[in-house]
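**Student:** predicted model follows, preceded by the sequence.
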Amino acid sequence: MQIKSPFIFILSIAVCLGIFLFYSHILMHQGHNWGGDFALYLSQAKAMLNGTTNELVANSKLSCELSYYRMNPDVYPAGYPIMLMPVYAIAGLNFVAFKWINILCFVLFIIFLHLTIRNHTTTTERIILVAILCTSNVFIGFSNHILADVPLMMFVWLTLFYYEKIDKGKAHHYLILGTLCALNVQVKSLSINLFFSLLLFESYCAMVSNTTVTLWLKKMLVFVSSFLIVVLIFKLFYPSSSGGYFNQASSINIHSILKNIYYYRSIPYWILHHSNAFVWLSLPAFIIGFVTQLKKQVFYVLFIVTHLSLIIIWPFQEGIRFLFFLVPFYFIFSFYGFTYLFNQTTTKFNNYKISYIKYLLWVVIVVYSFIQLNVKLKANNESDNEIGSADAVKLMQFVNEHTMTSDKFVFFKPNVLRLLTNRESFYLLNKEEIINSGANWWIYKHGDLPADTSGMQMIFTNKSFTVFKLN
């Protein structure tokens with residue numbers, strides 16, 4: 001069963017995107033979860049506008065070093081804050097406006113995804129893939145988060161589309177390719193893997209084809225040079241975050257690697273509604289598709305394997321958002337697997353024209369996704385609106401009105417406190433360390449550690465927080 005009408009295809013994609021936009025809008029909260037990364041991104045955008053980036057870097061570095069563990073690099077790469085900056089300049093600290101940046105990036109990602117895989121998949125498969133992604137609780141739910149992962153999806157698939165399109169025999173095309181890879185890195189450092197995957201794949205192609213050494217060297221010189229020049233330009237105008245990353249990387253050990261292998265084994269489970277049935281019905285097809293396409297899709301196999309290796313080696317468990325741009329590959333290789341299985345069967349399927357059965361699982365998943373979206377709509381989960389809660393708002397109001405900007409705090413989310421109150425803080429869990437930290441205030445989140453608050457001078461309290469005066 002193949003859809004050949006361009007009108008039906010365009011209408012199907014438009015409907016899927018319409019569903020994504022509708023549910024993203026209707027489920028959107030005015031605030032944000034406590035997070036922390038989002039607050040640093042927004043603080044960086046604000047600092048760019050105010051010309052206070054160096055001050056932010058110094059404060060963030062000190063906050064990280066004084067906390068009981070390093071929660072983030074001193075600053076993130078400049079790419080995503082630059083995307084946030086115009087909206088900040090126009091709308092101020094408007095979380096809804098920032099969230100729409102990511103929603104629009106998702107729409108562009110869908111477009112680049114289609115353009116990239118149209119020669120590798122059927123029209124029906126592309127419609128199904130877009131339907132799965134646009135009705136996914138994961139991606140619609142992530143519309144409530146101001147993070148770089150969705151913009152990175154857009155940039156990665158823009159780069160993959162460009163690489164699919166270019167004439168590999170012309171070196172000047174690699175100028176733009178290197179620039180795109182550098183822009184990916186400026187959105188999220190993790191995407192450095194795309195640059196190295198392309199470098200390795202081009203070297204592999206040169207070895208197995210008739211490409212001359214001269215042409216390969218010329219292409220790689222242009223590719224690497226353009227990449228390094230763009231990265232250098234960003235480094236000249238924006239502080240490097242490498243120090244924080246190196247500090248985090250220092251905790252890599254065999255225990256963390258084994259722990260991550262166990263953790264990331266659940267990737268299919270995460271993207272398939274935590275349904276074991278969907279996993280066990282699709283995972284064999286993915287494995288078959290992956291194995292049978294090893295020689296045909298060398299670059300994509302290399303890209304997937306190296307990225308998974310990178311996040312497994314990295315000592316922190318970052319969750320599914322660090323895998324967002326790989327999610328389409330799970331379904332693409334599953335399509336290959338089901339097609340391979342049906343091609344190995346007798347021609348009876350073709351004679352009775354019921355080969356469309358291979359799409360049945362995906363249709364069920366889309367229907368199930370749609371049902372879950374409506375369940376989520378009725379539940380009205382407030383976990384993505386934690387800083388917009390009445391208790392959080394009253395806490396920030398107290399801090400702004402009753403403390404000085406020079407005061408130091410102990411608080412479990414330093415980046416958030418800095419963004420909302422312009423106060424610096426660090427995170428400690430030991431009562432004695434808190435008392436002797438030199439901080440002026442301790443904001444205790446009920447249920448957090450340390451639980452013993454006896455003998456402390458309480459100044460403000462509500463159902464979620466208590467503020468103690470230290471010095």
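**Tutor:** That came through fine.

**Student:** ok, and the closest non-adjacent residue to the residue nearest the centre of the chain?
**Tutor:** The chain has Asp149 as the residue nearest its centroid, 2.3 Å off, counting by C-alpha atoms, centre = their mean. For Asp149, ignoring the flanking residues on the chain, the nearest one in space by C-beta to C-beta, 6 or more residues apart in numbering is Arg321 at 4.2 Å. (Glycine included, C-beta is placed from N, CA and C.)

**Student:** who's in contact with that neighbour?
**Tutor:** Contact analysis of Arg321 by C-beta atoms under 8 Å, 6 or more residues apart in numbering lists 142, 145, 147, 149.

**Student:** run through the neighbouring helices and strands of the helix or strand hosting Leu152.
**Tutor:** If you go by DSSP states H and E, Leu152 is part of helix 149-165. In terms of contacts (3 or more C-beta pairs under 8 Å, 6 or more residues apart in numbering; DSSP states H and E), helix 149-165 is packed against helix 79-91, helix 95-117, helix 173-187, helix 192-208.

**Student:** list the buried residues of the shortest one.
**Tutor:** Neighbour-count burial for helix 79-91, with 16 or more other C-beta atoms under 10 Å as criterion, is recorded at 79-85, 87-88.

**Student:** try the longest one
**Tutor:** For helix 95-117, the neighbour count (16+ other C-beta under 10 Å) marks 95, 98-103, 105-106, 108-117 as buried.

**Student:** do the same with the last one
**Tutor:** Neighbour-count burial for helix 192-208, with 16+ other C-beta under 10 Å as criterion, is recorded at 192-195, 197-199, 201-202, 206.

**Student:** identify the residues contacting the top helix by length along the chain?
**Tutor:** Assignment by DSSP state H gives helix 213-237 as the longest helix of the chain. Contacts to helix 213-237, defined as C-beta under 8 Å, 6+ apart, come from residues 77-79, 168-169, 171-172, 174-179, 181-183, 185-186, 195, 198-199, 202-203, 206.

**Student:** could you give the angle of it to helix 192-208?
**Tutor:** 170 degrees (axes from the mean of the first three to the mean of the last three C-alpha atoms, to 10 degrees).

**Student:** starting at the chain centroid, how far to helix 213-237?
**Tutor:** Computed by C-alpha atoms, centre = their mean, to the nearest Å, the chain-centroid distance of helix 213-237 equals 26 Å.

**Student:** ok, back up a step: would you write a ChimeraX line that selects the buried entries of the contacts of helix 213-237?
**Tutor:** Here is the ChimeraX selection string for the buried members of those, based on 16+ other C-beta under 10 Å:
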select :77,78,79,171,174,175,176,177,178,179,181,182,183,185,186,195,198,199,202,206
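
**Student:** could you list the buried residues of whichever strand or helix holds Ile8?
**Tutor:** Using DSSP H and E, Ile8 sits within helix 6-26. Neighbour counts over helix 6-26 (16+ other C-beta under 10 Å) mark 9, 12-13, 16-17, 19-21, 23-24 as buried.

**Student:** output the contacting helices and strands for that helix.
**Tutor:** helix 95-117, helix 123-134, helix 137-141, helix 360-379.

**Student:** mind putting those into a markdown table with mean pLDDT and distance to Ala58?
**Tutor:** Listed next are those as a markdown table, based on pLDDT from 0 to 100; distance: least, C-beta to C-beta, whole Å:
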| stretch | mean pLDDT | distance to Ala58 |
| --- | --- | --- |
| helix 95-117 | 96 | 25 |
| helix 123-134 | 94 | 41 |
| helix 137-141 | 92 | 35 |
| helix 360-379 | 86 | 41 |
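
**Student:** of all those helices, which lies closest to Val301?
**Tutor:** Closest of the helices and strands packed on helix 6-26 to Val301 is helix 95-117, at 14.8 Å (criterion: C-beta to C-beta).

**Student:** what's the weakest-modelled helix or strand in this protein?
**Tutor:** helix 348-351 (a mean of 51; mean pLDDT, DSSP states H and E).

**Student:** hmm, back to that, just name the closest of the contacts of Arg321 to Gln297, please.
**Tutor:** The closest of the contacts of Arg321, once distances to Gln297 are taken by C-beta to C-beta, is Asp149, at 23.9 Å.

**Student:** the closest one contacts Val187, doesn't it?
**Tutor:** No: counting by C-beta atoms under 8 Å, Asp149 does not reach Val187; the two are 9.2 Å apart.

**Student:** can you list the low-confidence ranges for this structure?
**Tutor:** Applying pLDDT under 70 to the chain picks out residues 1-4, 240-250, 346-356, 380-384.

**Student:** report the residue ranges of every domain in it.
**Tutor:** Split into domains by automatic domain parsing, the chain comes to 1-150+353-384, 166-249, 251-344, 389-469.

**Student:** quick one on the thing from earlier: quick one: contacts for the residue nearest to the centre of the chain?
**Tutor:** Counting by C-beta under 8 Å, 6+ apart, Asp149 has contacts 142, 188, 321-322, 324.
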